[in-house]
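Engineer: Predicted coordinates and the sequence they were generated for:
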Amino acid sequence: MSSTVVRHALVLTMDDARTVLQDADVLVVDDRIAEVGGPGQRLSVPEGTEELDASGGILMPGMIDTHRHLWQTAMRAYGADWTLTQYFVWYYLEHGVAFRPEDVATGNALSALDALDAGVTTTVDWSHGLRTTEHAEAAISALAASPGRFVFAPGNIFGAPWEWANSADFRAFMARHREAHPRIGFQLAFDVTGDPTFPEKAAYEAAREMDLSVTTHAGVWGATNDEGIRLAHEHGLMRPGDVYVHAATLSDDSYQRIAATGGTISLSTESEQSCGQGYPPAMKVREHGIGASLSVDTSVWFSSDLFAAMRSTLGADRAWEHTRAHETGGTVTHSHLRAEQVVEWATRGGARALGLDGVVGQVKAGLKADLVLLKNDHSPSMFPVLNPYGHVVFQVGRGDVHTVLVDGAVVKRDGRLVGADLAGLRAAAEGTVEHLRSSLGEEVWQAGMNPEVPQTEILDNPYQYTEYRSAATHSASGA
């Protein structure tokens, strides 16, 4: 038996009442939270228990990212000045096929550690670069080797989902790894273009046959739209547990269909703000009572922590409210979206989206001990802590992640990852960069990282496995 007690913590329990405990102890035995003490209560602990002093810190559930393309992480910040069209061209049309299985493994391993370093203990690997079984094996092997908790969502942007999801090789891969990795959850990742013949129906049916939820980029300007939602709904294929990523350019009708079928929306606010999927739809989540979670999307562009996701989501929602009010000559006197709500979306909201509520996402006896201690005695930004939710959202960052536990095991202690082979990962990432750079050639590599101000033809369908084209993008833009 192993045990750890966190003493003198300010605890964000994220229970239904969002209870905050001052000066509390939390005891972890083996992989679970054994006891949560009341304010000022010192818990008795088994002999040999490791003690962590959380004085001046905030203890909260491990954060949960419901949409991250881990395989792309060796390209960190390469696309900082990209638009969504440039992303589609680089990955979907031109260079995504250059990634080898070992490059996928490197990206996954690097991103898995990156997430833990930032207090993200559960991550959905939205792994849509798996053009061969070897790529898929590499991706999941890297996840299995990480101490983090994952949901693996395999996909393939280079192939038709109605074909690969029903192939014998894919079915065998899924059966083999679901049995081998009981700690890893599974979803199926594909997009729905809105083609009225609805070929993606066969991919949905494959997911249901395998008892998998679907995660899909929905409401992405110029790529996926209301028709995809309508087709899935009218065929009876939307169900609780499905996750709609971005959902930024949908009509109220689509939001109502998502709400009515128990789906949730994964907000990647930094992505939506920068790429052009549409305005981050936190206000639609609020208006329609849809469950929400937060996600990073890809560190090719964006921050790889959920502190930035919380901050940007709160800011985007408030900017929307102020702008709408100003358009009618009014002003906003009270904000609707609060800091405690986005902290919930980053923790328990993710657990609900992934069917893990009651497993992780709260500091509660009996749940898995996935915990994050925010504490930095050397930082003037860590005191005073007056509004703990506001402090988490606006005052702290990944550098203040002091200790992280997953399944009761300490994976980060005193600000440093435990047992991480960063030198080996650095060498592997350099190998991926060198491979891509030499494959593309220096001129193409530099041009990709430094895009010109474009005279770009609007790309209304990045999915090259289908001939379907929509007039919606062109007619909407006037082109």
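Structural biologist: Right, received. Where do you want to start?
Engineer: which residue packs closest to Ser295, ignoring adjacent ones?
Structural biologist: Distance criterion Cβ to Cβ, 6 or more residues apart in numbering; nearest residue to Ser295, sequence neighbours excluded, is His67 at 3.5 Å. In this view, the C-beta of every residue, glycine as well, is placed from N, C-alpha and C.
Engineer: Now do that neighbour against His128, distance only.
Structural biologist: Noted for His67: a distance of 11 Å to His128, by Cβ to Cβ, to the nearest Å.
Engineer: same deal with His177?
Structural biologist: Taking Cβ to Cβ, one finds His177 at 17 Å from His128.
Engineer: Of those two, which one has the most company?
Structural biologist: His128 (23 against 19; other Cβ atoms under 10 Å).
Engineer: Would you enumerate the residues in contact with the nearest residue to that one once chain neighbours are set aside?
Structural biologist: In space, and not counting its chain neighbours, His128 is closest to Gly155: 3.6 Å by Cβ to Cβ, 6+ apart. Residues near Gly155 by Cβ atoms under 8 Å, 6 or more residues apart in numbering: Trp126, Ser127, His128, Leu130, Pro161, Leu188, Ala189, Phe190.
Engineer: With Glu200 instead?
Structural biologist: So Glu200 contacts Pro161, Trp162, Phe190, Asp191, Val192, Thr193, Gly228, Leu231, Ala232 (Cβ under 8 Å, 6+ apart).
Engineer: Out of these, which is nearest to Gly390?
Structural biologist: Asp191 (36.1 Å; Cβ to Cβ).
Engineer: Ramachandran angles for the nearest residue in space to the closest one that is not next to it in sequence?
Structural biologist: Distances taken as Cβ to Cβ, 6+ apart place His217 nearest to Asp191, at 4.9 Å, with adjacent residues excluded. Backbone geometry at His217, expressed as degrees, to the nearest 10, gives phi -70, psi 110.
Engineer: what sits opposite His217 in the beta ladder?
Structural biologist: Residues in a beta bridge with His217, per DSSP bridges, are Val245.
Engineer: Run a quick neighbour tally on it.
Structural biologist: Residues near His217, counting by other Cβ under 10 Å: 25.
Engineer: same thing with Ala447?
Structural biologist: 12.
Engineer: Could you check how far Ser379 is from Gly129?
Structural biologist: 37 Å.
Engineer: Hmm, I typed the wrong one, I wanted Gly185.
Structural biologist: Taken as Cβ to Cβ, the span from Gly185 to Gly129 is 20 Å.
Engineer: Kindly report the same for Gln72.
Structural biologist: Looking at Gln72 against Gly129, where the rule is Cβ to Cβ, the gap reads 7 Å.
Engineer: Look at those two and report which has more neighbours.
Structural biologist: Just comparing Gln72 and Gly129: by other Cβ under 10 Å the higher neighbour count belongs to Gln72, 27 against 24.
Engineer: quick one, what contacts the more buried one?
Structural biologist: Contacts of Gln72 by Cβ under 8 Å, 6+ apart are Tyr91, Gly107, Gly129, Thr298, Ser299, Val300.
Engineer: Nearest to Ala429 among those residues?
Structural biologist: Once Cβ to Cβ is applied, the member of these that ends up nearest Ala429 is Gly107, at 8.1 Å.
Engineer: and that closest one, that's in a helix?
Structural biologist: Yes. Under DSSP: H, G, I helix; E, B strand; the rest coil, Gly107 falls within a helix.
Engineer: give me the number of residues near it?
Structural biologist: By other Cβ under 10 Å, 31 other residues sit near Gly107.
Engineer: now swap in Asn166 and tell me
Structural biologist: Asn166: 15 neighbours (other Cβ under 10 Å).
Engineer: separation between it and Ala189?
Structural biologist: 15 Å.
Engineer: just Gln446 next, same as before
Structural biologist: 31 Å.
Engineer: More neighbours: these two, which one.
Structural biologist: Ala189 (29 against 11).
Engineer: mind listing what that one touches?
Structural biologist: Listed by Cβ under 8 Å, 6+ apart, the contact set of Ala189 reads Trp126, Ser127, His128, Ala153, Pro154, Gly155, Val214, Thr215, Thr216.
Engineer: one more time with 7 Å
Structural biologist: By Cβ atoms under 7 Å, 6 or more residues apart in numbering, the contact set of Ala189 is Trp126, Ser127, His128, Ala153, Pro154, Gly155, Thr215.
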